[in-house]
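Peer 1: Fold the stuff below for me.
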Amino acid sequence: RRLPHHRCIVIRLDSATPFLNRQDNAFFFMKNSFLFRIVLAAWLSSTPSLTAQNTPATQPTSPTNLPLPRNLRVVTGNDSPAAPAVLPGQGLAQHDFFYAGEGDGHHRMFIVRKGKVDWSYENTDPQSKGEISDAMLLSNGNVLFAHQFGVTEITADKKVLWNYDAPPGTEIHTAQAIGREHVVFIRNGNPAKCFVVNTISGATEKEFELPVRNTNANGIHGQFRHARLTAAGTLLVGHMDLRKICEYDLDGKELWSLPVPDLWMAAPLQNGNILMTREQTAVQELDRKGQIVWEFPSADLVALGYRISGMQTASRLANGDTLINNWCNKGAGPAAGTAIQAFEVSPGKQLVWALRAWGDPVDLGPSTTLQVLDEPSAPENVSFGGIKYPVRGQPCSVGAVRRCRATGSTLHRISALPGGGMA
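Peer 2: Here you go, the predicted structure:
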């Protein structure tokens, strides 16, 4: 709203605001609703006390004198760069990696090897909608990705092997492959459900409901974002709206839970602990009692001259470092393209690498997830109860063979990869 002397106040609400948490329906509505902006503008225009004409001559006019709460941040200008000009690490060449993100309704994914784009996928259909919230590159080169209104598996040559469309009023933001024939995913909605689907036959082999707090049309968007299977064959789920982490068996029985202040993602670590992102404030490693074993606060990066928009996903690398994505848009104006999309920190919290790729040689777009490919791996080498990854030397099912032939794929052994088996 224009104030005397044409000064403008921009107020940012975030998770530090006690009366509006990011996961609350009211906050989601205000952040995303165009109708709310219209109503707010109309209210400001109709409020005499906020117009310059009715401001008493003796009243201070400087916005800095307004009694704003400490957690309402007054932004006096975002024209400054969002990160230093020189970044640590080797840019695109730091790691080989698979990258996926959301932005402007496009589905964008990349494989970067030796500093160059080796593969890319983008859905530029103007009718497309949704956001890539979760994605993984499988050991056979296929890609499984959840894109809000569905979950899809494609081959390296971009042929669709399997697709599931979310019914109206539901959303899908997380999915994980179990071997070559099953996918587990969570469908946000009322009720919210977890599904295990056979991608060969299309049959749903397991489904169970998950508890949620927000069930209206706006609230379902913030129910779940990231779920991962554990080494014990259970499913670790971050309940965003309930603010807790839960572990479930294949029958949907809750085996363990931990309340947390807020979260975007929770993932199991090899040592049995949990890596959790709190988006605005910190990435934390927690033990099963909820004690913080390791923590990287966003304030540490801000102190080095970086602006952090949203730390959504994080992963622990083989060398002990933690890789964290920073969801943000490219922006506009003088600061456009200066923000980093991901960064790597050591166990001692030293900044090892920062990724920024908004243009030449490639515009990776906003970052949702990043999977390091330095060593061969098989992320589908997991189990959920009795649904398991094939053991070494076990042949593919007849359905898997038929699918390979139909898509022109080649059957090959992957016994050198973790878990062995046939592809």
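Peer 1: For Thr338, give me phi and psi.
Peer 2: Thr338 adopts backbone torsions of phi -100, psi -10, taken as degrees, to the nearest 10.
Peer 1: Use 467 as the first number for this chain going forward.
Peer 2: Sure, I'll start counting at 467 from here, so that last one is Thr804.
Peer 1: Surely it touches Val552?
Peer 2: No - the criterion here is Cβ atoms under 8 Å, and Thr804 misses it with Val552 at 12.0 Å. Every C-beta, even on glycine, is put in place using the N, C-alpha and C of the backbone.
Peer 1: Now do the helices in the stretch 667-816 of the chain.
Peer 2: 764-768 (DSSP state H, counting those that start in this stretch).
Peer 1: quick one, strands of it?
Peer 2: For the stretch 667-816 of the chain, the strands defined by DSSP state E, counting those that start in this stretch occupy 670-676, 693-695, 701-705, 710-714, 720-725, 731-734, 740-743, 748-752, 758-763, 777-782, 788-792, 808-811.
Peer 1: hang on, the earlier thing: more neighbours: which of Thr804 and Val552?
Peer 2: Comparing Thr804 with Val552 by other Cβ atoms under 10 Å, the one with more neighbours is Thr804, at 18 against 6.
Peer 1: okay, now Gly803: neighbour count?
Peer 2: 15.
Peer 1: so who does it touch?
Peer 2: By Cβ atoms under 8 Å, 6 or more residues apart in numbering, the contact set of Gly803 is 796-797, 822, 824-825.
Peer 1: related to what we said a few turns ago, using JSON lines, lay out the strands of the stretch 667-816 of the chain together with distance to Asn629.
Peer 2: Shown next, in JSON lines, are these (distance: least, Cβ to Cβ, whole Å):
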{"stretch": "strand 670-676", "distance to Asn629": "14"}
{"stretch": "strand 693-695", "distance to Asn629": "20"}
{"stretch": "strand 701-705", "distance to Asn629": "22"}
{"stretch": "strand 710-714", "distance to Asn629": "25"}
{"stretch": "strand 720-725", "distance to Asn629": "30"}
{"stretch": "strand 731-734", "distance to Asn629": "24"}
{"stretch": "strand 740-743", "distance to Asn629": "28"}
{"stretch": "strand 748-752", "distance to Asn629": "32"}
{"stretch": "strand 758-763", "distance to Asn629": "37"}
{"stretch": "strand 777-782", "distance to Asn629": "23"}
{"stretch": "strand 788-792", "distance to Asn629": "25"}
{"stretch": "strand 808-811", "distance to Asn629": "28"}
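Peer 1: export the ones you listed to TSV and tack on mean pLDDT?
Peer 2: Below are the strands of the stretch 667-816 of the chain laid out as TSV (pLDDT from 0 to 100):
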stretch	mean pLDDT
strand 670-676	98
strand 693-695	98
strand 701-705	98
strand 710-714	98
strand 720-725	98
strand 731-734	97
strand 740-743	98
strand 748-752	98
strand 758-763	98
strand 777-782	96
strand 788-792	97
strand 808-811	98
